[in-house]
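**Q** need coordinates for the below:
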Amino acid sequence: MSSILTLAAPSPKPETGYHDQSLAGNLLPRHRFPDRVRMFRFLIRQSATLAFIEALALLFAISWLDLATGHQVSLVLFYTAPIVFAVWLCDNKSVFVIAGLAGVLWSWADLAMGNSYSNETVQACELAIRFAFFFLVGLAGIAMREQQRASNARISLLEHTQRLEKQIIEVSEYEQQRIGRDLHDGLCQFLAAIGCAATSLKIDLKEQRLDKLAANASEIEKLLSESVKQARDLSHGLVPVQLNEAGLPAALQELAAATSRLLPVECTFESAGQNGASQNGKATHLYRIAQEAIHNATQHGKARKIDIRLSANASATSLSIADDGIGFPRNGNETNGVGVSIMRYRANLMDGEFAIEAGVNGGTIVSCTVPTGAER
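**A** Numbering: from 1, shown residues only. The predicted model follows:
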């Protein structure tokens with residue numbers, strides 16, 4: 001007969017709420033920070049009436065402790081605790097009520113313990129000093145609280161303004177990209193189709209020996225070809241950076257070529273290192289800075305030569321645009337213009353450093369260095 005061996009199934013372990021049965025669970029400390037957080041949230045979210053009652057209870061407890069300890073121990077600093085508590089959680093009226101009660105209870109405890117004064121004038125001065133001390137504590141606490149609230153309000157307003165400005169930039173970039181795509185996929189295609197029709201018309205007119213009309217059709221063909229080229233340049237300027245590894249260098253190279261082709265300027269581009277700006281959303285900002293710097297150099301600086309340099313390493317990406325123009329005036333008004341302000345703001349969005357300097361041999365150097373990392 002074959003024996004049957006029955007193995008008892010292991011009993012399930014009770015759930016403890018912590019997955020601490022492993023080695024990692026045994027090594028990790030068991031903190032109870034959530035309980036403290038909940039208690040802190042309860043304190044700051046409770047009503048002002050409940051907080052006032054708690055401050056009164058604390059004040060009476062300190063008065064009883066003052067009576068129990070006698071003259072040997074001074075509890076004057078303990079009387080300020082309910083005042084600070086009221087400053088934190090109550091309104092100004094409640095603070096002054098607690099401060100007045102603190103003076104009354106401290107004086108009552110002092111008299112109840114048999115403390116005597118030489119004359120009524122000394123007693124009045126002592127009482128006045130006590131009340132003045134507690135009221136000054138309350139006033140100082142209220143002033144500090146209002147100052148802190150004002151600082152928090154300013155910080156919140158600045159953060160809200162920065163978020164709005166960033167959203168405006170993002171919406172502007174989105175609309176520019178949308179218009180650029182519509183130009184490339186829509187208008188350019190229509191113009192190219194009309195150009196093909198003009199070419200076909202020119203051939204037909206030549207076959208019919210209508211040379212004058214054929215010449216007119218050829219002129220229309222050239223104008224359409226130039227229109228297509230300009231529309232494509234415009235669309236590439238609106239949608240400059242593609243999401244690939246060589247996006248920013250390729251876009252800057254195309255920008256330099258387009259500047260040399262469309263303007264009486266010699267524009268060159270050099271790139272060194274492995275650029276990482278395209279992967280974290282900073283490429284568009286750097287491209288717009290280069291665009292604005294070139295615009296300022298050609299329109300205001302009267303430059304004839306512009307050098308664009310892009311260098312990158314594992315920690316930072318640096319972009320510089322140098323020209324041989326007349327530079328910025330000494331009064332510095334141009335450095336506070338709208339275009340320069342936008343360039344500075346774009347650099348700030350990337351946690352970068354932006355600078356405008358005079359070149360060694362004249363002209364202007366616009367530089368922006370941004371850390372390689374996630375954008376704000």
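**Q** going by C-alpha atoms from here, please, whenever you check contacts or count neighbours.
**A** Noted.
**Q** contacting residues around the closest residue to Ile220 other than its chain neighbours?
**A** Residue nearest to Ile220 in three dimensions, not counting chain neighbours: Ala198, with 6.7 Å by CA to CA, 6 or more residues apart in numbering. Shown in contact with Ala198 (CA atoms under 8 Å, 6 or more residues apart in numbering): Ala217, Ser218, Ile220, Glu221.
**Q** right, and Asp211 touches Leu205 too?
**A** Yes: Asp211 is in contact with Leu205 according to CA atoms under 8 Å; the separation is 6.8 Å.
**Q** so what's in contact with the two at the same time?
**A** Common neighbours of Asp211 and Leu205 (criterion: CA under 8 Å, 6+ apart): none identified.
**Q** that older thread, out of the contacts of Ala198, which sit inside helices?
**A** Using DSSP state H, Ala217, Ser218, Ile220, Glu221 are the members of the contacts of Ala198 that sit in helices.
**Q** relative to Gln177, which of the residues you listed is nearest.
**A** Nearest to Gln177 among these, counting by CA to CA, is Glu221 at 28.5 Å.
**Q** okay, now that closest one: neighbour count?
**A** When neighbours are counted by other CA atoms under 10 Å, Glu221 registers 23.
**Q** over to Ala256?
**A** 23.
**Q** helix or strand: which one has it?
**A** Using DSSP states H and E, Ala256 maps to helix 247-262.
**Q** what separates that helix from the chain centre, distance-wise?
**A** How far helix 247-262 lies from its chain's middle: 30 Å, per CA atoms, centre = their mean, to the nearest Å.
**Q** now do the helix or strand where Ser151 lies, average pLDDT.
**A** In the assignment (DSSP H and E), Ser151 maps to helix 120-182. The average pLDDT within helix 120-182 is 84.
**Q** likewise for stretch 327-345?
**A** Mean pLDDT, computed over stretch 327-345, is 71.
**Q** residues contacting the residue nearest to Leu213 when sequence neighbours are not counted?
**A** Excluding its sequence neighbours, the residue lying closest to Leu213 (CA to CA, 6+ apart) is Leu205, at 6.6 Å. Each residue near Leu205 by CA under 8 Å, 6+ apart is listed here: Asp211, Leu213, Ala214.
**Q** and for the first one, the neighbour number?
**A** A count of neighbours around Asp211, defined by other CA under 10 Å, yields 13.
**Q** with the second one instead?
**A** Counted with other CA under 10 Å, residues neighbouring Leu213 total 14.
**Q** could you give the angle of whatever helix or strand it lives in to helix 120-182?
**A** Leu213 belongs to helix 211-238 when assigned by DSSP H and E. Counting by axes from the mean of the first three to the mean of the last three CA atoms, to 10 degrees, helix 211-238 lies at 150 degrees to helix 120-182.
**Q** other SSEs contacting helix 211-238?
**A** helix 120-182, helix 188-207 (3 or more CA pairs under 8 Å, 6 or more residues apart in numbering; DSSP states H and E).
**Q** off-centre distance for that helix?
**A** Put simply, helix 211-238 sits 45 Å off its chain's centre (CA atoms, centre = their mean).
**Q** likewise for stretch 304-324?
**A** From the chain centre to the centre of stretch 304-324 is a distance of 25 Å (CA atoms, centre = their mean).
**Q** which residues touch it?
**A** Contacting residues not belonging to stretch 304-324 are listed as 249, 252, 256, 264-277, 286, 290, 293-294, 297-298, 303, 325, 359, 361-373 [CA under 8 Å, 6+ apart].
**Q** point out where the stretch 1-150 of the chain drops to low pLDDT.
**A** Within the stretch 1-150 of the chain, the segments meeting pLDDT under 70 span 1-45, 71-72, 115-118.
**Q** how about a cut-off of 90?
**A** Where the stretch 1-150 of the chain drops to pLDDT under 90, the residues are 1-55, 59-60, 62-81, 84-92, 102-131, 133-134, 145, 148-149.
**Q** what's the answer for the stretch 251-376 of the chain, then?
**A** The stretch 251-376 of the chain contains residues with pLDDT under 90 at 251-255, 257-264, 271-288, 291-292, 295-303, 312-316, 324-352, 357-363, 371-376.
**Q** can you map out the helices along it?
**A** Secondary structure of the stretch 251-376 of the chain (DSSP state H, counting those that start in this stretch): helices at 283-299, 338-349.
**Q** redo those as TSV? Include mean neighbour count.
**A** Below are the helices of the stretch 251-376 of the chain laid out as TSV (neighbours: other CA atoms under 10 Å):
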stretch	mean neighbour count
helix 283-299	21
helix 338-349	18
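**Q** redo those as JSON lines? Include distance to Ala193.
**A** As requested, these are exported to JSON lines (distance: least, CA to CA, whole Å):
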{"stretch": "helix 283-299", "distance to Ala193": "31"}
{"stretch": "helix 338-349", "distance to Ala193": "38"}
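**Q** thank you kindly, that will do.
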